[in-house]
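Colleague: My questions concern the predicted model and sequence given below.
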Amino acid sequence: MKLLLIVLLVVVNYVGGTTPSRPNIVMILADDMGYQDVGFRDSNILTPNMDRLATEGVILENHYVMPQCSPTRSSLLSGRHAIRTGFWKGNIKPNEEWGLRLNETTIPEMLRRNGYATHGIGKWHCGLYTWDHTPVKRGFDTFFGLYLGAQGYFSHKRSGHVDLRDNYIDKDGKFVDNVRLDLQGKYSTYLYTDRAVETIENHDKSKPLFLYLSYTAPHTPNDAPEEAVKKYASHIPSSPKQRRKYATQISIMDEGIGKVVEALKRENILDNTIIVFTSDNGAVYGKKGSNYPLRGGKQSLFEGGVRAVSFVSSPLLQKTGYVNKNLHHVTDWYATFQKMAGDQPTHHSKLQLPLDGVDIWSSISNNQPCREEVLMNFRDHSMIQDSSEHEFLVKREDSTIDEDIGQLGDDEYLDDDSDDFFVIRWKDWKLFTGKYKVQDWTSKNSLGEAAKFDRDDSWLTGGGKAGSGTKLFDLSTDPREETNVADKNPDVVKKILEKIPGYREKMTKINKRTRSKEGMKNGIWVPWVKNVEKV
């Protein structure tokens, strides 16, 4: 009888995909990386390390993110939709006075209270206007990187001001902000990799490790060392002209990921480590990255903007070497890591807000379905108010900012004039309604077209007969989103539209954005609001 019980337990654990207990977690983010821009999708970009990790692990074919940097990061770190965190309106732009609210519990905060060592490296982009909104105050033991959304890869500057820092709490319990002016001229992707390797080598193995490695590659500007371009991209056609440096940015990141894996091996902790890789959104449409065969790119809610290149690699996976087609969302990682850590949210003084993500480990490790619905985004401008609430903490007057974004490009500034819309995937159906950005398709490994942001087509606006103003795509037969089948499936449209009130009830009001130049001081970006109301 005992033998039978043991066998049954083993079978149940295998079928159910037992959640690993307190594994090391390495979460790697790329920035604006195209869906097709990896070797395992037949790209001409060299990514041997990612290819190996993905093909020997699990490729996540339907892993959805937000179409922009800040909304994805806030949803990842909080486990909550942008409609709850206030990021449904878009990115935090330089000088803006808001961020991920202080009543939100972040992944590093949750893991640290469960005994994890937590280290953040690279891009933050979840708020910097107060020190309380910066990474070490949000759960990281250490942070090395930038608070903003982009900077020069060599200069580490945005608008002429440096934003590269070492943050930690010293032995006396004091917060340290060491701005690394001494590293100017050194390529930031190399710096992030070196710090990640150093962190792994110095890790106290009595604790589980959470390493958040958030590369800025291949986000603008189009910076890459010339010797690396020759090494990695000489085989790539010179047109479009930005493609070679973009490819090099990705290949340098890939080289870094390989070094991180080797460090985990050397330190004998790889066997109990889960590596998750995802981009924060698709490549910018029509410039240098390829989201082929998907439609659209960054800023849009078509598949090329929100279906990210993603995979999981770990010896702890029960099933490997396959493409997982289950629905997953970036909010799911909080719930997944929370279960792994054994966190009991009701045992802590800080209230955990309702999560939107679900535990997806069994879905990934054993290919079990986990959800049938993914909200892409929901915008309702009636939810923007004048009064001050917690996301701003201090109400300030609007000011005109003469923002010199220079070589960094303007892709962070394209979202403010979008109208109201609701976009969701339910099973294999994807519905758009309202007024939103329209983008077309880019060809394989080929770009060349300028981005198209067309808000005037007659089918974009609502009203009229049933189904007008609404597009419905059947992704099972039309993954490129070419054929609107709303008129042929009125029952499906009706069922999905009935979901809108439920999502509106979850929506958080936000304030009109305020901006200030006070954070640009003496050639350095620094938080500028001091009187913070505690939440």
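Modeller: Everything's here; your move.

Colleague: Check the protein and tell me which residue is nearest its centre.
Modeller: For the chain, Asp280 is the residue whose C-alpha lies nearest the centre (C-alpha atoms, centre = their mean; 3.2 Å).

Colleague: What is the least confident helix or strand in this protein?
Modeller: Taking mean pLDDT, DSSP states H and E as the measure, the helices and strands of the chain show their lowest mean at helix 2-16, namely a mean of 39.

Colleague: Report the contact partners of Asn367.
Modeller: Residues in contact with Asn367 (C-beta atoms under 8 Å, 6 or more residues apart in numbering) are Lys319, Tyr322, Asn324, Asn326. C-beta coordinates here come from the backbone N, C-alpha and C atoms, glycine included.

Colleague: Tell me the buried residues in stretch 20-32?
Modeller: Buried residues in stretch 20-32, counted by 16 or more other C-beta atoms under 10 Å: Pro20, Pro23, Asn24, Ile25, Val26, Met27, Ile28, Leu29, Ala30, Asp31, Asp32.

Colleague: same deal with stretch 481-495?
Modeller: Neighbour counts using 16+ other C-beta under 10 Å place Glu481, Val485, Ala486, Asn489, Val492, Val493 of stretch 481-495 among the buried residues.

Colleague: Looking at the buried residues of stretch 20-32, which has the smallest pLDDT value?
Modeller: Of all those, the one the model is least sure of by pLDDT is Pro20, with 90.

Colleague: ok so, going back, now the contacts of Asn367: which count as buried?
Modeller: By 16+ other C-beta under 10 Å, the contacts of Asn367 give Asn324, Asn326 as buried.

Colleague: Give me the helices and strands touching the longest helix seen in the chain, please.
Modeller: The longest helix of the chain (DSSP state H) is helix 243-266. In terms of contact count using 3 or more C-beta pairs under 8 Å, 6 or more residues apart in numbering; DSSP states H and E, helix 243-266 is assigned the packing partners strand 24-30, helix 48-56, helix 188-201, helix 226-233, strand 273-279.

Colleague: For the second one, which helices and strands make contact with it?
Modeller: Spelled out, it's helix 48-56. Taking 3+ C-beta pairs under 8 Å, 6+ apart as the contact cut, helix 48-56 packs with helix 243-266, strand 273-279, strand 310-313.

Colleague: Give me the residue ranges of the protein where confidence is low.
Modeller: With pLDDT under 70 as the threshold, the chain has low-confidence stretches at 1-17, 386-418, 445-468, 531-535.

Colleague: ranges for the helices of it?
Modeller: In the chain, helices defined by DSSP H lie at 2-16, 48-56, 69-78, 82-85, 107-112, 188-201, 226-233, 243-266, 303-306, 332-341, 361-366, 490-497, 500-506, listed in chain order.

Colleague: how about a markdown table for those helices, with distance to Gly127 added?
Modeller: As requested, these are exported to a markdown table (distance: least, C-beta to C-beta, whole Å):
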| stretch | distance to Gly127 |
| --- | --- |
| helix 2-16 | 39 |
| helix 48-56 | 30 |
| helix 69-78 | 8 |
| helix 82-85 | 11 |
| helix 107-112 | 14 |
| helix 188-201 | 20 |
| helix 226-233 | 32 |
| helix 243-266 | 25 |
| helix 303-306 | 22 |
| helix 332-341 | 18 |
| helix 361-366 | 30 |
| helix 490-497 | 33 |
| helix 500-506 | 21 |
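
Colleague: Tell me which of the ones you listed lies nearest to Cys126.
Modeller: Distances from Cys126 to each of the helices of the chain were compared using C-beta to C-beta; the minimum, 5.5 Å, belongs to helix 69-78.

Colleague: Using PDB, list the CA coordinates for that closest one.
Modeller: Included here for helix 69-78 are C-alpha records, laid out as PDB according to Å, rounded to 0.1, in the frame of the first residue of the first chain:
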ATOM      1  CA  CYS A  69       7.800  50.200 -21.700                       C
ATOM      2  CA  SER A  70       6.400  51.600 -18.400                       C
ATOM      3  CA  PRO A  71       3.000  49.800 -18.600                       C
ATOM      4  CA  THR A  72       4.700  46.400 -19.100                       C
ATOM      5  CA  ARG A  73       7.200  46.900 -16.300                       C
ATOM      6  CA  SER A  74       4.500  48.100 -13.800                       C
ATOM      7  CA  SER A  75       2.300  45.200 -14.700                       C
ATOM      8  CA  LEU A  76       5.200  42.700 -14.400                       C
ATOM      9  CA  LEU A  77       6.400  44.000 -11.100                       C
ATOM     10  CA  SER A  78       2.900  44.400  -9.500                       C
END
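
Colleague: In terms of secondary structure, what does that helix contact?
Modeller: For helix 69-78, the elements it packs on are strand 24-30, helix 82-85, helix 107-112, helix 332-341, judged by 3+ C-beta pairs under 8 Å, 6+ apart.

Colleague: Quick check: nearest residue in space to Asn441, chain neighbours excluded?
Modeller: Residue 441: Trp, not Asn. Taking C-beta to C-beta, 6 or more residues apart in numbering, and ignoring the residues beside it in sequence, Trp441 has Arg295 as its nearest neighbour in space, at 5.3 Å.

Colleague: for Phe40, same thing?
Modeller: Leaving out its chain neighbours, the residue that sits closest to Phe40 by C-beta to C-beta, 6+ apart is Asp51, at 4.6 Å.

Colleague: likewise Glu372?
Modeller: Spatially, and ignoring its direct neighbours in sequence, Glu372 is nearest to Lys427 (5.2 Å; C-beta to C-beta, 6+ apart).

Colleague: Check Trp124 too.
Modeller: Per C-beta to C-beta, 6+ apart, closest to Trp124 is Tyr147, 5.0 Å.

Colleague: The one you found: what's it in contact with?
Modeller: Trp124, His125, Gly127, Leu128, Thr134, Pro135, Asp163, Arg165, Trp525 are the contacts of Tyr147 under C-beta under 8 Å, 6+ apart.

Colleague: Next, find the distance separating it from Phe154.
Modeller: In this structure, Tyr147 and Phe154 are 18 Å apart, going by C-beta to C-beta, to the nearest Å.

Colleague: try Lys245
Modeller: Distance from Lys245 to Phe154, by C-beta to C-beta: 13 Å.

Colleague: For Lys241, give its distance to Trp131.
Modeller: Applying C-beta to C-beta, the value for Lys241 to Trp131 is 41 Å.

Colleague: since we're on Gln368, how many residues are nearby?
Modeller: 16 (other C-beta atoms under 10 Å).

Colleague: Now it: closest residue in space, sequence neighbours ignored.
Modeller: Excluding its sequence neighbours, the residue lying closest to Gln368 (C-beta to C-beta, 6+ apart) is Ser362, at 4.7 Å.

Colleague: can you check His81 too?
Modeller: Asp356 (4.6 Å).

Colleague: quick one: contacts for the one you found?
Modeller: Ser75, Gly79, Arg80, His81, Arg84, His329, Thr331, Leu375.

Colleague: just curious, which of these is nearest to Ile92?
Modeller: Ser75 (13.5 Å).

Colleague: sorry, back to before: can you redo the contacts of Tyr147 as CSV, where the extra columns are neighbour count and distance to Lys231?
Modeller: As requested, the contacts of Tyr147 are arranged in CSV below (neighbours: other C-beta atoms under 10 Å; distance: C-beta to C-beta, whole Å):
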residue, neighbour count, distance to Lys231
Trp124, 29, 30
His125, 28, 29
Gly127, 24, 37
Leu128, 26, 35
Thr134, 24, 36
Pro135, 28, 32
Asp163, 26, 28
Arg165, 24, 30
Trp525, 24, 32
